[in-house]
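**Student:** the sequence and its predicted three-dimensional model are supplied below.
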Amino acid sequence: MRIGILKCGQSPELLRGELGDYDTMFERLLAGRGFQFDSYHVEGMQFPQDVHDADGWLLTGSRHGTYEDHPFIPPLEEFIRQAYAERVPMVGICFGHQIIAQALGGKVIKHPKGWAVGPQDYDFGGDRVTLNAWHQDQVVTLPEGAEPAASNDFCENAALIYGDRAYTIQAHPEFDAAFIDGLIAHRAKGVVPPEVLEAAGRRKGAPLQSAGIADRIEAFFKAARSEAAPARRGRA
């Protein structure tokens, strides 16, 4: 199964050489699961020619806000709407979670609750899952067809499921402790409040359930393509 990774941003240059860019992080997270990967730097206006160029799409995080004025955002939203209409499954992480919701009619804001940084606990349908987070923006209004799949007290819409069309998560299963440390060192100064960084430091090294989220992503992609296959054969 071929997965197209839509890079909506890049990891900091000072970290990229040692820890990788966003696409390579997801390739590591999903390794050994029967996926092949193609990467498109959509932030740099490199887009696939067609939503059917991959069997599924994975949208990464970004330093940008979905509501900001950047050239790549309108064509990315149109790509999302077309993939959704054509039932090509999508997974969105952080910015990817937010831009899928926004493109389909939801609302994303810079949340008054502020930042979530480092290990956070989420309720995934009764399962307690700890993942690294790095965000201030949140989805506050769900688009039609979206249902909550995870939450916590800080982030009500921490994961969303759109039937077999999209599965999105606010946290970062691809971020390990070393990468969070790097972000704190190179992107947090003057941006993230000291008390948030102190709270993240107290949970440094907490066990993460990233592999379990990789299981969920794998299951979603494979089940979604299995459901879509009869419709594709019917159009042939």
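**Tutor:** Cool, the structure landed. Since this is a predicted model, take the numbers as computed values, not measurements. Numbering: from 1, shown residues only.

**Student:** switch to C-alpha atoms for all contacts and neighbour counts from now on
**Tutor:** Fine.

**Student:** any idea which residue is closest to the centre of this structure?
**Tutor:** Ile93 (0.5 Å; Cα atoms, centre = their mean).

**Student:** okay, that residue: pLDDT?
**Tutor:** Here, the pLDDT recorded for Ile93 equals 98.

**Student:** just Leu14 next, same as before
**Tutor:** Here the pLDDT value assigned to Leu14 is 83.

**Student:** now do Arg235
**Tutor:** pLDDT, Arg235: 39.

**Student:** do Ala206 as well
**Tutor:** Model confidence at Ala206, given as pLDDT, is 95.

**Student:** how near is the residue nearest to the centre of the chain to Ala171?
**Tutor:** 7 Å (Cα to Cα, to the nearest Å).

**Student:** doesn't Glu43 lie inside a strand?
**Tutor:** No - assessed with DSSP: H, G, I helix; E, B strand; the rest coil, Glu43 is helix; it does not lie in a strand.

**Student:** mind checking how far it is from Gly182?
**Tutor:** In terms of Cα to Cα, Glu43 sits 22 Å off from Gly182.

**Student:** compare those two (neighbour count), which wins?
**Tutor:** Legend: neighbour count by other Cα atoms under 10 Å for Glu43 and Gly182, higher for Glu43 (19 against 16).

**Student:** got a list of what the more buried one touches?
**Tutor:** Contact analysis of Glu43 by Cα atoms under 8 Å, 6 or more residues apart in numbering lists 7-9, 72-73.

**Student:** swap the cut-off to 6 Å and go again
**Tutor:** Glu43 sits next to 8-9, 72 when contact means Cα atoms under 6 Å, 6 or more residues apart in numbering.

**Student:** repeat that for Ala166.
**Tutor:** Taking Cα under 6 Å, 6+ apart, we find Ala166 in contact with 89-91.

**Student:** circling back to that earlier point, quick check: beta-bridge partners of the residue nearest to the centre of the chain?
**Tutor:** Ile169 (DSSP bridges).

**Student:** residues contacting it?
**Tutor:** 60-61, 168-170.

**Student:** between those residues, which has the most around it?
**Tutor:** Going by other Cα under 10 Å, Thr168 tops those with 30 neighbours.
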